[in-house]
Structures are given as structure tokens and as C-alpha cells.
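Colleague: Provided below for reference: sequence and predicted model.
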Amino acid sequence: MKPILRKISKAWLSKKVPSFYRNLYKQIDFNTRIIGIKGARGSGKTTIIHQYAKNSNFKPSQILYVSCDSPIMADVDLFELATSFEQYGGKLLLIDEIHKSDNFSAHIKSMYDFLNIQVIFTGSSAIILNHESSDLSRRATMHYLPPMSLREFISLKENINLKSYTLKDISQNHEDISFEILEQIKPLEQYSNYIKYGAYPFFKESITDYPLRLLEVINITIESDLSTIFNIDASKQNVLKRVLSMLCSTSPYEISKSKLSQDTNISWATLSKYLTYMQKGDLINLIDAPNNHKKLNKASKMLLNNPNLFHILCSEPNIGSIRESYFVSQLNHIHNIHYHDMGDFIIDDGEPLGYKYIFEIGGASKGDKQIKNINNGFVVRDDIETGYDNIIPLWLFGFLY
């Protein structure tokens, strides 16, 4: 093992650990031998493994942190590194940016099969981790770190503890929950801030520089991760950026297969592949129709991954798209979500218990005509603090995690 790796790891471990914990931290069983954390760049994966290292019972000398995007790691064999680490009494190996290491899946497999150490790895590109997951799935427990929820953003920004609620709680008791939260914060003010700079924890470093940091996340994801893994020609990278710009400024109802193909001058067969890659890269969300509604025969509803992206990708973002992007970003990693012909979205329609919800998203004056006679049908309104009956404020869905 290179001595410099020990030196860097020691310096990293000595850094101050943030006191704010993402919701995912408490969901991870850290007794598991091999743990993987995937998610968008800048979402806080490195912080999670740093917090665990500090909270664990391992001595600093038994912990090694390496980042695969460091030039020092360019010629390092991960399995050989792990073997040497174990031979000298190592217990916890933390591997950051593992997608930068060639054939990392095979190395993790060998660590599981032949070594007696705990390994936790992260990858900023969900694409690469998913691409390699066939071997990993039998050995590593994978976790996804989503963008911060509104609740997490407020907790981090204001240094306060706020409860989270289930979707069932919100659908049945949203009035009481809203009043409970109103006693602690001004939700509309916080929501207004969140949609501009609240999805990634690096806003704490500088709100002024936040747009530049976010733009860097987008560019690296497209120009490095997506292009490398899926062999996207450099000349086509601007097409992906063009699609992001279109999703920013256009209503979800105006995006169609023909419009996208025409505006990008690319066949739908090729473009649909690019869209899938962008979804795996945490740049967009693709919402399909329910399986029992295939007769709709429409393209997936396409939305930017989170509302922050709207404020750097176009000068006049579509407010309807922002609302739907926010709603989907708060639900889609914990609930089954599809678009629906009777409302904007149907949630958990495929669950075994058959308990489903239909939501129509709109502004403060949005009516309930479309879902009036639907069981578990709700109107989700922007710009209201509290709701009533089947009218729920949009911001409240940011308290699901």
C-alpha cells in the first residue's frame, strides 16, 4: 500500500464531521459487510460514510478512506489494496467515487469472498453502479441517496428537528399536520427557497455559488459519466443538454415524441435511449403510464430530476413543470408513481394492498373537477399554507422523508 494513501486517509478522518444526518443514514444497517451508496453528485454520500467512520467502534488505524477519482489511485488495484489493508489489521475500508475504478464490481466480489473486512463504497453515477449491479446484488446491499427533501433542507438550514410523515398520514390528516408544522416554520417561504437551492446540501457552503456548482454537476454527469459508460459521441452531448433546456421551459403536456425528435433532429429510437441514460444519471425523471393503461400509448412524462435544475437551465422555467418535478422528486424513490388520464399522477397503484392515490397538481386556485368523484383523489395546490377536505398544499409532500 502506498504510504501517501494512509496519510490522506488520516487527514480525511481528522476533519470535522457535519452534525446534520440525511434520512438515509438511519435506514442503513451498518452491520452489513458490503454496503454501496449511489446517487447524484453532490447529494452527500461522502458525508454519510464520514459520519459512520466517526461513529463506529473502529480505531482510526483500522479505517482506510480512498477516493478513486484521485490521481494517486490511477494504477491501484482495489483488491490488492484491500488485501494489504487487512493484513496490517484493517477493519473498515471506505471507497469513494468507486465508478472511477475499472472493473470495480469484480474487486468488490473478491473482497466479499476472500477478505474479512467491512467495505462501504459510494458512486456519484447511478448509471455505472446499475450497469455493474448483476455481480454486486448478491454481495452488496445497495442504497440510493435522493436529493434532499424539503424537510431535510429546512432541518439543515435552520438547525431544527422536524418530523417526517407517511403518505397515508398526509392524505388522511393533512390539515392537522400542516398546522403542527406552521407552529415551527413558514412553509411557503422555505419552499420558495428550496426550489431554488435546496436539493443538494452544498448550498450550506455558498448560496451565491450554488448555481455554478449545480451546473458543474450536470456537465460532469453528461460529459464524463453518461458519455463514457454508454459510448455517447461527444457531438451528441449538446443534444442531452438541449433536452434538459426543453424540459425546463415547456409544459409537461406539450412534450411529445415527435416534438423532441424534431427539435433535436434525432430519431425517437435513439433519443429514448438517451432519456433512459439521463434518468439513470439523476438528471430527469421518466414517469410511465400504469400497466393497465397501456392504451394511453403515450411517451413517458418527462420531468427534470428536481426543481433546482429549472433555475440554471432556462431563463423562463415553466411553473407547471416545476410543481410536478418537485412532487415527483419527493415521492418517486419511496412510492410507485405513474401518470394517469384522470389526474396528473397515480401513486402505489401496483401495491399488493391495492391502496392507491390520484393527485392533480396546480396553483392556488386549482379546482377538483377532474378528480371530484374519484376515491382517494386529491388536488395538490401550490401557494397555500393549509388545505381542507381533498385539497392538500404542495409543500407538505416535502415531509415524506
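Modeller: That came in fine, so what should we check first? Predicted model, so just to flag it, every value in this text is computed and none were measured.
Colleague: so which residues of the stretch 301-401 of the chain form helices?
Modeller: 310-313, 319-331 (DSSP state H, counting those that start in this stretch).
Colleague: buried sites along the lengthiest helix in the chain?
Modeller: Longest helix in the chain, counting residues (DSSP state H): helix 167-182. Across helix 167-182, burial judged by 16 or more other Cβ atoms under 10 Å covers Leu167, Ile170, Ser171, His174, Ile177, Ser178, Ile181. In short, each C-beta sits where N, CA and C put it, glycine included.
Colleague: quick one: the residues you listed as TSV, columns for pLDDT and distance to Leu93 too.
Modeller: Converted to TSV, the buried residues of helix 167-182 look like this (pLDDT from 0 to 100; distance: Cβ to Cβ, whole Å):
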residue	pLDDT	distance to Leu93
Leu167	96	37
Ile170	98	40
Ser171	96	43
His174	99	45
Ile177	99	42
Ser178	99	45
Ile181	99	41
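Colleague: SS state for Ile37?
Modeller: Taking DSSP: H, G, I helix; E, B strand; the rest coil as the rule, one finds Ile37 in the strand state.
Colleague: check the one 4 residues further on too.
Modeller: Going by three-state DSSP, the secondary structure assigned to Arg41 is coil.
Colleague: excluding its backbone neighbours, what's nearest it?
Modeller: Leaving aside its chain neighbours, Arg41 sits nearest to Ser124 (4.1 Å; criterion: Cβ to Cβ, 6 or more residues apart in numbering).
Colleague: my read is that that neighbour contacts Lys100, right?
Modeller: No: using Cβ atoms under 8 Å, Ser124 makes no contact with Lys100, being 9.0 Å away.
Colleague: tell me which of those two has more neighbours.
Modeller: A count of neighbours by other Cβ atoms under 10 Å puts Ser124 above the other of Ser124 and Lys100, at 28 against 20.
Colleague: shaky segments in the protein?
Modeller: In the prediction, the chain carries residues with pLDDT under 70 at positions 125-136, 292-298, 350-355.
Colleague: now do the domain split for it, please.
Modeller: If you go by automatic domain parsing, the domain ranges for the chain are 3-145, 151-399.
Colleague: with just CA atoms, put the helix or strand that contains Arg242 into CSV.
Modeller: Assigned by DSSP states H and E, Arg242 falls within helix 237-249. Output of helix 237-249 as CSV, limited to C-alpha atoms (Å, rounded to 0.1, in the frame of the first residue of the first chain):
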residue,chain,number,x,y,z
GLN,A,237,-23.6,15.7,-25.7
ASN,A,238,-25.3,19.0,-26.6
VAL,A,239,-28.4,17.1,-27.6
LEU,A,240,-28.8,15.9,-24.0
LYS,A,241,-28.3,19.5,-22.8
ARG,A,242,-30.8,20.7,-25.3
VAL,A,243,-33.4,18.2,-24.0
LEU,A,244,-32.8,19.5,-20.5
SER,A,245,-33.4,23.0,-21.6
MET,A,246,-36.7,22.0,-23.4
LEU,A,247,-37.9,20.2,-20.3
CYS,A,248,-37.2,23.4,-18.3
SER,A,249,-39.2,25.8,-20.4
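Colleague: number of residues surrounding Leu13?
Modeller: Number of residues near Leu13 (other Cβ under 10 Å) recorded here: 17.
Colleague: okay but it is in contact with Gln62, surely?
Modeller: No: contact criterion Cβ under 8 Å: Leu13 and Gln62 do not qualify, at 10.8 Å.
Colleague: hey, where'd the strands end up in the chain?
Modeller: 34-39, 63-67, 92-96, 118-123, 141-145, 284-287, 301-304, 337-339, 345-347, 357-362, 377-381, 391-393 (DSSP state E).
Colleague: how much space separates Ser251 from Asp368?
Modeller: Distance of Ser251 to Asp368, computed by Cβ to Cβ, to the nearest Å: 21 Å.
Colleague: so which of these two has more stuff around it?
Modeller: Remark: of Ser251 and Asp368, Asp368 carries more neighbours, 18 against 11, as counted by other Cβ under 10 Å.
Colleague: ok, Asp288 to Asp389 distance?
Modeller: From Asp288 to Asp389 the distance is 30 Å (Cβ to Cβ).
Colleague: just the helices in the stretch 151-300 of the chain please.
Modeller: Using DSSP H, counting those that start in this stretch, helices in the stretch 151-300 of the chain cover 167-182, 187-197, 210-220, 227-229, 237-249, 257-264, 268-280.
Colleague: so which of the ones you listed is nearest Asn376?
Modeller: Asn376 lies closest to helix 167-182 among the helices of the stretch 151-300 of the chain, at 7.0 Å (Cβ to Cβ).
Colleague: could you check how far the closest one is from the centre of its chain?
Modeller: Computed by Cα atoms, centre = their mean, to the nearest Å, the separation of helix 167-182 from the middle of its chain amounts to 24 Å.
Colleague: by contact count, what packs against that helix?
Modeller: strand 391-393 (3 or more Cβ pairs under 8 Å, 6 or more residues apart in numbering; DSSP states H and E).
Colleague: who are the packing partners of the strand it packs on?
Modeller: Partner elements for strand 391-393 (3+ Cβ pairs under 8 Å, 6+ apart): helix 167-182, strand 377-381.
Colleague: in JSON lines: these, plus distance to Ala234.
Modeller: Below are those laid out as JSON lines (distance: least, Cβ to Cβ, whole Å):
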{"stretch": "helix 167-182", "distance to Ala234": "43"}
{"stretch": "strand 377-381", "distance to Ala234": "41"}
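Colleague: between the ones you listed, which one is nearest to Leu215?
Modeller: Across those, Leu215 has its closest neighbour in strand 377-381 (29.5 Å, Cβ to Cβ).
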